[in-house]
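Participant: I need the structure of the sequence given here:
(4 chains)
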Protein chains: 2
Amino acid sequence: MTEAAAAELPQDDDIGELNAIVGFHIRLAHGACYRHFTETFADLELTQKQVSVLWLVDDHPGMSQIDVGTRLQMDRATTMTIVNRLQARGYMRREKSATDGRKQALFLTPEGLTILGHAKDAIREHEAWLKSRFTQKELDTLMELLARIHD
Amino acid sequence: MTEAAAAELPQDDDIGELNAIVGFHIRLAHGACYRHFTETFADLELTQKQVSVLWLVDDHPGMSQIDVGTRLQMDRATTMTIVNRLQARGYMRREKSATDGRKQALFLTPEGLTILGHAKDAIREHEAWLKSRFTQKELDTLMELLARIHD
DNA sequence: GTGCAATTGTTAGTAGAGCATACAATCCCA
DNA sequence: TGGGATTGTATGCTCTACTAACAATTGCAC
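Facilitator: Numbering: from 1, shown residues only, chains lettered A, B, ... in the order given. Purely as a prediction, here's the structure:
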């Protein structure tokens, strides 16, 4: 079969050598996850990052922006824009840290707590979609392997 | 320890319940990959998507944009912007398909072939960084599990 | 064969995420 | 006490992704 003929008879999943690239599979998996997440959260109008920040600040009231960024692997500027957005929507407030004047202590507002509750429901749904294709043992393996990449 | 005290004594990797969320680990792993990729490709000024498209079109000369998008899981509009960029930089050309007037056949220019060669070198470096933390068996497992998410 | 629906490419607009840079306030340590 | 480091902030840029609308083309139903 000539190359031209091959181009005329495509198989949707034929990505050739790219299939052997680990990073490529990580990117595709992330994309699939991202799309499903966005659908699941369409009503709440929250992104993955926004939920992560709400969740983390709820777990650690009063934490600083730099802390949030470090734990979620974002730089200061990116963290800023996310906190700004959450604050503008009334889900979060900043308060000058009592112990370190450079820091802003972050807290959820009551509205933030409410939306986080809804978000956790949606997360459960999203995670169920993701987990449905794995056994618990496979999930443990997957998370352990992924952790080696981002740690 | 009070919550306030906890906030004052943060452990960088303490992300609480978030740690149990599969999607969260996928996102962090993707982010780590993305950052290393960007560093590795700083000289070439190519993104993951751009390299994927170059690679795919080199494998399948004359393929259509919709095909590229389908295989890389991008919509038409996103594919457009990436092809536009690659074409503007002289790495790719469009040609009206002989068999379907709606389609554009995509081809690499000689410059595109050259840069793809450099890109593949950089990919090898990037993949080596990624693979260094796994055995071959673990890599096979990881790719198989990731494929279940994006297929 | 003709007409209508689907496909493909294109354009324009919006939004989020990420990064670099610069600056001010604050903190910490020598 | 002074200088370097840390933290937050502001600005601007790029890339990715999505929607909606439109035109050209194709292919199927009739």
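Participant: report how many residues lie close to A:His118.
Facilitator: Neighbourhood size, A:His118 [other Cβ atoms under 10 Å in any protein chain shown]: 13. Just so you know, the C-beta spots here come from the backbone N, C-alpha and C atoms, and that holds for glycine as well.
Participant: look at it and give its secondary structure.
Facilitator: helix (DSSP: H, G, I helix; E, B strand; the rest coil).
Participant: could you find the closest non-adjacent residue to it?
Facilitator: Excluding the flanking residues, the one nearest A:His118 by Cβ to Cβ, 6 or more residues apart in numbering or on different chains is A:Leu44, at 5.8 Å.
Participant: mind checking the SS state of the one you found?
Facilitator: Strictly by three-state DSSP, A:Leu44 counts as coil.
Participant: quick one: the residue nearest to the spatial centre of chain A from B:Thr78, how far?
Facilitator: Centroid-nearest residue in chain A: A:Gln48, 3.6 Å away (criterion: Cα atoms, centre = their mean). For A:Gln48, the distance to B:Thr78 equals 18 Å [Cβ to Cβ, to the nearest Å].
Participant: now do A:Leu113
Facilitator: Applying Cβ to Cβ to A:Leu113 and B:Thr78 gives a distance of 36 Å.
Participant: same question for A:Lys137.
Facilitator: 36 Å.
Participant: more crowded one of the two?
Facilitator: B:Thr78 (13 against 8).
Participant: A:Leu113 contacts A:Pro61, correct?
Facilitator: No. A:Leu113 is beyond contact range of A:Pro61, at 10.6 Å (criterion: Cβ atoms under 8 Å).
Participant: residue ranges with poor pLDDT in chain A?
Facilitator: Residue ranges of chain A with pLDDT under 70: A:1-13.
Participant: let's see that with 90 instead.
Facilitator: Within chain A, the stretches with pLDDT under 90 are A:1-18, A:96-101, A:151.
Participant: just the strands in it please.
Facilitator: Applying DSSP state E to chain A gives strands spanning A:92-96, A:104-108.
Participant: partner strands of the last one and their direction?
Facilitator: When you say that, I think you mean strand A:104-108. Neighbouring strands of strand A:104-108 in its sheet, by DSSP bridges, are strand A:92-96 (antiparallel).
Participant: who's in contact with A:Glu138?
Facilitator: Contacts for A:Glu138 (Cβ atoms under 8 Å, 6 or more residues apart in numbering or on different chains) come out as B:Leu145.
Participant: and what of A:Ser52?
Facilitator: A:72, B:18, B:24.
Participant: identify the bridge partners of the closest residue to A:Val57 other than its chain neighbours.
Facilitator: Ranked by Cβ to Cβ, 6+ apart and with sequence neighbours excluded, the top spatial neighbour of A:Val57 is A:Leu106, at 4.8 Å. A:Leu106 has these beta-bridge partners by DSSP bridges: A:Arg94.
Participant: next one: A:Leu106 from A:Gly117, what distance?
Facilitator: A:Leu106 is 18 Å from A:Gly117, by Cβ to Cβ.
Participant: who has more neighbours out of the two?
Facilitator: Legend: neighbour count by other Cβ under 10 Å for A:Leu106 and A:Gly117, higher for A:Leu106 (29 against 10).
Participant: great, nothing more from me.
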